[in-house]
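K.L.:
could you work out the structure for the sequence below:
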Amino acid sequence: MRRPGRTLAEITTVLVAAAVAFPLYWMVLTAFKPRGQIQSSDPRPWTSTPTLENFRQVFTADDFGRYFLNSVVVATAVVLLSLLVSFLAAVALTRFRFRGRTVLLVMILIAQMVPVEALTIPLFFLMRSVGSAVPQFGLNHLGSLVLVHLAFSLPFAIWMLRGFVAAVPEELEEAATLDGAGRVRFTWQVLFPLVAPGLVAMSVLSFIHAWNDFLFAKTFIISATQNQTLPLAILTFFKPTGNDWGAIMAGSTLMTIPVLVFFVLVQRHLISGIAGAVKG
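P.N.:
All right, here's what the predicted structure looks like:
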């Protein structure tokens, strides 16, 4: 027989999941609603006349495809660079003994505690200075977004991957050395596959943060409209004369699809990665 406590826990879980999923449902529903139903004073949680007009309006907006491509470029670059840098940093902080290692670990931990809003203005001036030396990474360029997102994703990624690297026994490295494998070969052919679940979990978090970013995109991409990302494209449907909620929700739905696709592709490794992080 089922225990009452377990039944209560399952009911609570379903209610919490429904509360979390309802805004997503309303977003998709509004995206398919006709304009008259969206602006109705009696909103209903369904529609009998779905339409694609809101999606057509989004796709026909100026440079929507370019905005989408810019978001893909930024998110992909952040994921790939954070994978490489965080993995090598985690290996160095776990497998090597050097002066200042503990201090460096504490600094990485403290870096995760600083609010994003507190660093936005200093980063703006920093990117402006960087742009004078390397224009590709200055203001109004996608490189500035890549650098900033990379800086914010690395502390958490390094800290999480340390647990995965530390979980690999040192005896395995000694055995590989006896078989003739050098440190570089062991790192990429043995250690890298073993910590792959952690890398996948970290890549999902980095991708979501870079893909959904609005604050940095609005701060660093000032006048170069050709380098704006997808969240800024949705901003164009907020107008002084009235917000076009159908197009806003349609654009938000389109923004959600790549995240869902990416999650589905890596979900098996993501679950094992999160479990390993919690265990570590």
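K.L.:
low pLDDT regions in the stretch 151-280 of the chain?
P.N.:
Applying pLDDT under 70 to the stretch 151-280 of the chain flags residues 267-280.
K.L.:
and with 50 instead?
P.N.:
By pLDDT under 50, the low-scoring segments of the stretch 151-280 of the chain are 273, 276-280.
K.L.:
how about the helices in it?
P.N.:
Taking DSSP state H, counting those that start in this stretch, the helices of the stretch 151-280 of the chain run over residues 170-178, 183-186, 192-194, 196-211, 215-220, 230-235, 245-279.
K.L.:
now for the shortest one, which elements pack on it?
P.N.:
Just to be clear, that refers to helix 192-194. Applying 3 or more CB pairs under 8 Å, 6 or more residues apart in numbering; DSSP states H and E, one finds that helix 192-194 contacts no other helix or strand. Every C-beta, even on glycine, is put in place using the N, C-alpha and C of the backbone.
K.L.:
identify the residues contacting that helix?
P.N.:
Phe87, Phe164, Val168, Leu199 (CB atoms under 8 Å, 6 or more residues apart in numbering).
K.L.:
in CSV: the helices of the stretch 151-280 of the chain, plus mean neighbour count and distance to Phe22.
P.N.:
Supplementary listing: the helices of the stretch 151-280 of the chain in CSV, determined by neighbours: other CB atoms under 10 Å; distance: least, CB to CB, whole Å:
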stretch, mean neighbour count, distance to Phe22
helix 170-178, 12, 48
helix 183-186, 14, 49
helix 192-194, 13, 40
helix 196-211, 22, 20
helix 215-220, 20, 26
helix 230-235, 21, 21
helix 245-279, 16, 14
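K.L.:
compare those helices and give me the one nearest Thr94.
P.N.:
With CB to CB, the closest approach to Thr94 among the helices of the stretch 151-280 of the chain belongs to helix 170-178: 9.9 Å.
K.L.:
any idea how far the closest one is from the middle of the chain?
P.N.:
Distance of helix 170-178 from its chain centroid, counting by CA atoms, centre = their mean, to the nearest Å, is 35 Å.
K.L.:
which secondary structure elements does that helix contact?
P.N.:
Packed next to helix 170-178, using 3+ CB pairs under 8 Å, 6+ apart, are helix 183-186.
K.L.:
CA-only coordinates of the helix it packs on in CSV, if you can.
P.N.:
Provided in CSV are the C-alpha atoms of helix 183-186 (Å, rounded to 0.1, in the frame of the first residue of the first chain):
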residue,chain,number,x,y,z
ARG,A,183,50.1,13.8,-19.2
VAL,A,184,48.6,15.4,-22.3
ARG,A,185,47.4,12.1,-23.7
PHE,A,186,45.9,11.1,-20.4
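K.L.:
next, the residues that contact it from outside, please.
P.N.:
Helix 183-186 is contacted by residues Glu173, Ala176, Thr177 when judged by CB under 8 Å, 6+ apart.
K.L.:
and the gap between Thr241 and Gly36?
P.N.:
Distance of Thr241 to Gly36, given as CB to CB, to the nearest Å: 18 Å.
K.L.:
which one of those two has more residues nearby?
P.N.:
Ranked by neighbour count (other CB atoms under 10 Å), Thr241 and Gly36 place Gly36 first, with 8 against 5.
K.L.:
that concludes my questions; thank you for your assistance.
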